[in-house]
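Visitor: Got a predicted structure plus its sequence, pasted below:
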Amino acid sequence: MSSNNKVNLRSMFLSVAFLLYAVQGASAAGDATKGADIFQRCQLCHTAQKGVNKVGPSLYGVVGRPAGSIPNFEYSDAMKASAAKGLVWTEDNIVKYLANPHQFFVEYLNDPHARNKMTFFLTEMQEREDVVAYLKTVPK
């Protein structure tokens, strides 16, 4: 094989590898439109409207917000303890939380008795990522 063919083969291999990496990364990201649809299930307890709380606090601007920071909302003891420990609702933390809110606090606080008010969860990773993508579109 000539050195020209080796260079072309190497370039093609790198291009294919990059393309596969890009496609894999794209599929792991959330879809805000799908997330808005999924969020409808959350609206029994939450809203994405600024200053409007229901059973759960408003999720307006939640991505990047310190936990337990909505004034005059009555948070669970686990949420208050997590807020005191410095929990911030990063994309990753929201994804983990939505998988199992109680377990999230058990692990975050290292307290097997930590309890939270939220009983809803999303078992599918893609659904959680989609909801986070939607929540990112709701301003702070």
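Guide: Yes, it's here.

Visitor: could you point out which element follows the helix-or-strand element of the chain with minimal mean pLDDT?
Guide: Taking mean pLDDT, DSSP states H and E as the measure, the helix or strand of the chain with the lowest value is helix 3-28, at a mean of 46. Heading C-terminal from helix 3-28, the first helix or strand you meet, by DSSP states H and E, is helix 32-39.

Visitor: just the CA coordinates of the next helix or strand after that following helix, formatted as CSV?
Guide: Of the helices and strands lying after helix 32-39 in sequence (DSSP H and E), the nearest is helix 77-84. Provided in CSV are the C-alpha atoms of helix 77-84 (Å, rounded to 0.1, in the frame of the first residue of the first chain):
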residue,chain,number,x,y,z
ASP,A,77,-36.3,18.6,55.6
ALA,A,78,-34.2,16.7,53.1
MET,A,79,-34.4,19.6,50.7
LYS,A,80,-33.5,22.1,53.4
ALA,A,81,-30.6,20.0,54.6
SER,A,82,-29.3,19.7,51.0
ALA,A,83,-29.7,23.5,50.5
ALA,A,84,-27.6,24.0,53.7
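
Visitor: what packs against helix 77-84?
Guide: Applying 3 or more C-beta pairs under 8 Å, 6 or more residues apart in numbering; DSSP states H and E, one finds that helix 77-84 contacts helix 101-109. Every residue, glycine included, has its C-beta placed from N, CA and C.

Visitor: outside of the helix it packs on, which residues touch it?
Guide: Outside helix 101-109, the residues that touch it by C-beta atoms under 8 Å, 6 or more residues apart in numbering are 78-79, 81-82, 85, 87, 93, 96-97, 111-112, 114-116, 118-121.

Visitor: mind listing what's buried in it?
Guide: Within helix 101-109, the residues scored as buried using 16 or more other C-beta atoms under 10 Å are 101-102, 104-106, 108-109.

Visitor: JSON lines for those residues, including distance to residue 42?
Guide: Below are the buried residues of helix 101-109 laid out as JSON lines (distance: C-beta to C-beta, whole Å):
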{"residue": "101", "distance to residue 42": "12"}
{"residue": "102", "distance to residue 42": "17"}
{"residue": "104", "distance to residue 42": "16"}
{"residue": "105", "distance to residue 42": "18"}
{"residue": "106", "distance to residue 42": "22"}
{"residue": "108", "distance to residue 42": "21"}
{"residue": "109", "distance to residue 42": "23"}
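
Visitor: No more questions from me, cheers.
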